[in-house]
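Visitor: Quick one, fold the following:
(chains A and B)
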Amino acid sequence: MLDRKFIIENVDLVRRNCKNRGVEVDLDRFVALENERKRLQAQWDELNRKANQVSRSIGKAKDAAEREAGKEEGRRLREQAAAVKAELDGVIQQLEAIGRLIPNLSHPDAPVGADATANRELFVGKTPKPQFDFPPLDHVQLGEKLGLIDLDGGARVAGHGFYFLTGDAVLLELALQRYALELLMAEGFTPAITPDLARNEILDGIGFIPRGPETQIYSIENTDLSLIATAEITLGGLLAGQTLEAEQLPIKICGISHCFRTEAGAHGRATRGLYRVHQFTKVEMFAFTLPEQSDQMLEDIRDLECQLFDGLGIPYRVVDTATGDLGGPAYRKYDLEAWMPGRGEYGEITSASNCTDYQARRLGIRFRRKGEKGTCFLHTLNGTAVAISRTLIAILENYQQPDGSVIIPSVLRPWVGKDRIAPRR
RNA sequence: GGAGAGGUGGCAGAGUGGUCGAAUGCGCCGGUUUGCUAAACCGGUGAGGGGUGAUAAGCUCCUCCACGGGUUCGAAUCCCGUCCUCUCCGCCA
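Guide: Residues are numbered from 1 along each chain as shown, chains lettered A, B, ... in the order given. Alright, predicted model coming up:
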């Protein structure tokens, strides 16, 4: 959510931004409603002022008659005030309904375009794409041969989109978690294992829609809880409603959680194997920063993602996401897309976003500077460290050998305890 | 799950119907005193939204004592619901 006052004072800027983002919003109506809001607010204030005055005078009334007259007057004023308040609440509700459609502003360097085809490739990682002198398998075939992924078992238990990781895949998952954690802790991130559920109001504050036809979220019946789609939700929610001291910032946390996604409407494309699944584990970076720190923090987070995947020896490219593909909260977003030989194309493997104060405003996360009056909303950023399922795809497919075995990336060997996964006999 | 207790400003902690946005202490900021530091003393010190003003300072109004409702001319104070915390019991990895 953007600041109401900002929107009013920068209508044209906001209008242009909505257009770049491919979002249709009735800004004229928003402006009209905001003017109406101010008018009603002033009216409500005035009625309250009078009513308060009357109430105070009753306490000091000298006889019963005067008291009764005051009560009558007070009742009348409070009634009027309540009517104005109801109207005011209605207007605020409409303002918020429109306001939540308005996306965040966009970084001036973000490529302008309607969708992912306008994304700008910035550079590629240190690892070249592998050259195979044999027909490479995809991760489903490899997972089958190596006893790593049981899709049939997952389907039997929970349906399509679920799976068992078995055997060395379990060690790989844990190794990837440890690998990411070691690197991030050295960079000042506090590790956390977060709840896998969160209140709907938190989901909403981060920018997810917990219910409704287009939701990507599983909700828990008869509660206001949902399964989280990413630890971004819980990590951002961690400080909801808090006011921090400026010198506490930046705060960097990396959280491990399971991620649950309904993937409604995503059937048909790339549904094979682990690429698009209903549950996976992820290590997520999250940062709370001062406004002037967030641009640099986004670069830092992206660099860490590059370090992680250069370290794993996985070929990837980095993409600057086009305005039309940013979603609501992001001001700028970088994706890492890993080379996936089984698909013969790049597939999104991490994503780093600077959400500026968009989420913080909805979640009520503020900071205070010493010696300055008032508080401001801080900035939030998030980035994937490792999304296990897709990273497994990239490892299996890029590290496969002619004999059907898969080499373990050297950085994972301390935790996997071997340097190669051999086919079952 | 059952039974109690409680949620007040950065913190601690008063306040049980009428200038209460809220005593007091601590902390913090400014000042006085002081070889230096500390102590002592004096003053200041919540947030949000309006009005006025220069998108300043200042002045002023409204709202906020977990959240949402209700009673009342008037609620931090009374009533109901929700959330959360603590204690005890039960259950359990």
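Visitor: Closest residue of chain A to RNA strand B?
Guide: Residue of chain A nearest RNA strand B, by Cβ to the nearest atom of the strand: A:G74 (2.4 Å). Every residue, glycine included, has its C-beta placed from N, CA and C.
Visitor: That residue against A:A51, yeah?
Guide: Yes. Look at A:G74 against A:A51 with Cβ atoms under 8 Å: they come within range, at 5.8 Å.
Visitor: if we can go back for a sec, okay, buried residues for the one helix or strand the residue of chain A closest to RNA strand B maps to please.
Guide: Under the criterion of DSSP states H and E, A:G74 resides in helix A:64-99. If you call a residue buried by 16 or more other Cβ atoms under 10 Å, then helix A:64-99 has these buried ones: A:70, A:73-74, A:77-78, A:80-81, A:84-85, A:87-88, A:91-92, A:95, A:98-99.
Visitor: and what of stretch A:286-301?
Guide: Those would be A:286-290, A:293-295, A:297-298, A:300-301, for stretch A:286-301 by 16+ other Cβ under 10 Å.
Visitor: ok so, going back, would you point out the most distant pair within the buried residues of helix A:64-99?
Guide: A:G70 and A:I98 (41.8 Å; Cβ to Cβ).
Visitor: which one of the buried residues of stretch A:286-301 sits closest to A:Y346?
Guide: Lowest distance from A:Y346 to the buried residues of stretch A:286-301 (Cβ to Cβ) belongs to A:I301, with 19.8 Å.
Visitor: So for A:D152, what's the pLDDT?
Guide: A:D152 carries a pLDDT value of 94.
Visitor: before we move on, what SS does it have?
Guide: helix (DSSP: H, G, I helix; E, B strand; the rest coil).
Visitor: ok, it - how many residues close by?
Guide: Residue neighbour count, defined by other Cβ atoms under 10 Å, stands at 11 for A:D152.
Visitor: Then A:C259?
Guide: A:C259, neighbours per other Cβ under 10 Å, totals 23.
Visitor: That one: helix or strand, and which one exactly?
Guide: Using DSSP H and E, A:C259 falls in strand A:251-260.
Visitor: After that strand, which helix or strand is next?
Guide: Defined by DSSP H and E, the subsequent element after strand A:251-260 is strand A:279-289.
Visitor: what about that next one, distance to the chain center?
Guide: Offset of strand A:279-289 from its chain centre (Cα atoms, centre = their mean, to the nearest Å): 9 Å.
Visitor: what's the answer for stretch A:120-131, then?
Guide: Distance, centroid of stretch A:120-131 to centroid of chain: 26 Å (Cα atoms, centre = their mean).
Visitor: Ok, stretch A:37-44 next?
Guide: On Cα atoms, centre = their mean, the centre of stretch A:37-44 falls 35 Å from that of its chain.
Visitor: Equivalent analysis for stretch A:386-396, please.
Guide: 20 Å.
Visitor: can I get the CA coordinates of it in PDB?
Guide: Taking Å, rounded to 0.1, in the frame of the first residue of the first chain, the C-alpha atoms of stretch A:386-396 are listed here in PDB:
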ATOM      1  CA  VAL A 386      17.800 -21.900  -1.600                       C
ATOM      2  CA  ALA A 387      14.400 -23.300  -2.700                       C
ATOM      3  CA  ILE A 388      15.200 -26.900  -2.200                       C
ATOM      4  CA  SER A 389      13.000 -28.600  -4.900                       C
ATOM      5  CA  ARG A 390      14.100 -26.400  -7.800                       C
ATOM      6  CA  THR A 391      17.700 -26.500  -6.600                       C
ATOM      7  CA  LEU A 392      17.600 -30.300  -6.600                       C
ATOM      8  CA  ILE A 393      16.400 -30.200 -10.200                       C
ATOM      9  CA  ALA A 394      19.400 -28.000 -11.100                       C
ATOM     10  CA  ILE A 395      21.900 -30.200  -9.300                       C
ATOM     11  CA  LEU A 396      20.600 -33.500 -10.600                       C
END
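Visitor: Name the residues that touch it?
Guide: A:139, A:142-143, A:146, A:148-149, A:165, A:169, A:172-173, A:176-177, A:179-180, A:259, A:273-275, A:277, A:280-283, A:308, A:312, A:314, A:316, A:338-340, A:342, A:347-350, A:406, A:409 (Cβ atoms under 8 Å, 6 or more residues apart in numbering).
Visitor: Quick check: residues of the stretch 51-200 of chain A near RNA strand B?
Guide: Near RNA strand B, the residues belonging to the stretch 51-200 of chain A are A:51-52, A:54-56, A:58-59, A:70-71, A:74-75, A:77-78 when assessed by Cβ under 7 Å from any atom of the strand.
Visitor: switch to 10 Å and redo it
Guide: A:51-61, A:67-68, A:70-79, A:81-82, A:85-86, A:89, A:199 (Cβ under 10 Å from any atom of the strand).
Visitor: how near is the residue of chain A positioned farthest from its centre to A:I421?
Guide: Distance from the centre of chain A peaks at A:D63, with 62.7 Å (Cα atoms, centre = their mean). Separation of A:D63 from A:I421 (Cβ to Cβ, to the nearest Å) stands at 94 Å.
Visitor: So what's the residue count around A:D133?
Guide: Residues near A:D133, counting by other Cβ under 10 Å: 6.
Visitor: shouldn't it be in contact with A:Q401?
Guide: No. Applying Cβ under 8 Å, one finds A:D133 not in contact with A:Q401, separated by 11.0 Å.
Visitor: Mind pulling up the pLDDT for A:G268?
Guide: The model's pLDDT for A:G268 equals 60.
Visitor: cool, A:G59 as well?
Guide: pLDDT, A:G59: 77.
Visitor: What is the burial count for A:F134?
Guide: 10.
Visitor: Out of the buried residues of helix A:64-99, which comes closest to A:F6?
Guide: A:G99 (10.9 Å).
Visitor: what's the spacing between A:F208 and A:I233?
Guide: Taking Cβ to Cβ, one finds A:F208 at 7 Å from A:I233.
Visitor: Find residues that contact each of those two.
Guide: By Cβ under 8 Å, 6+ apart, no residue touches both A:F208 and A:I233.
Visitor: Neighbour count for these two, which is higher?
Guide: A:I233 (34 against 21).
Visitor: Does the helix or strand that one falls within reach RNA strand B?
Guide: When elements are assigned from DSSP H and E, A:I233 belongs to helix A:231-237. No. Helix A:231-237 does not reach RNA strand B (Cβ under 10 Å from any atom of the strand); its nearest approach is 12.8 Å.
Visitor: What are the contacting residues of whichever helix or strand comes after that helix?
Guide: Next in sequence after helix A:231-237, counting helices and strands by DSSP H and E, comes strand A:243-245. Strand A:243-245 is contacted by residues A:251, A:288, A:365-368, A:370, A:375, A:378 when judged by Cβ under 8 Å, 6+ apart.
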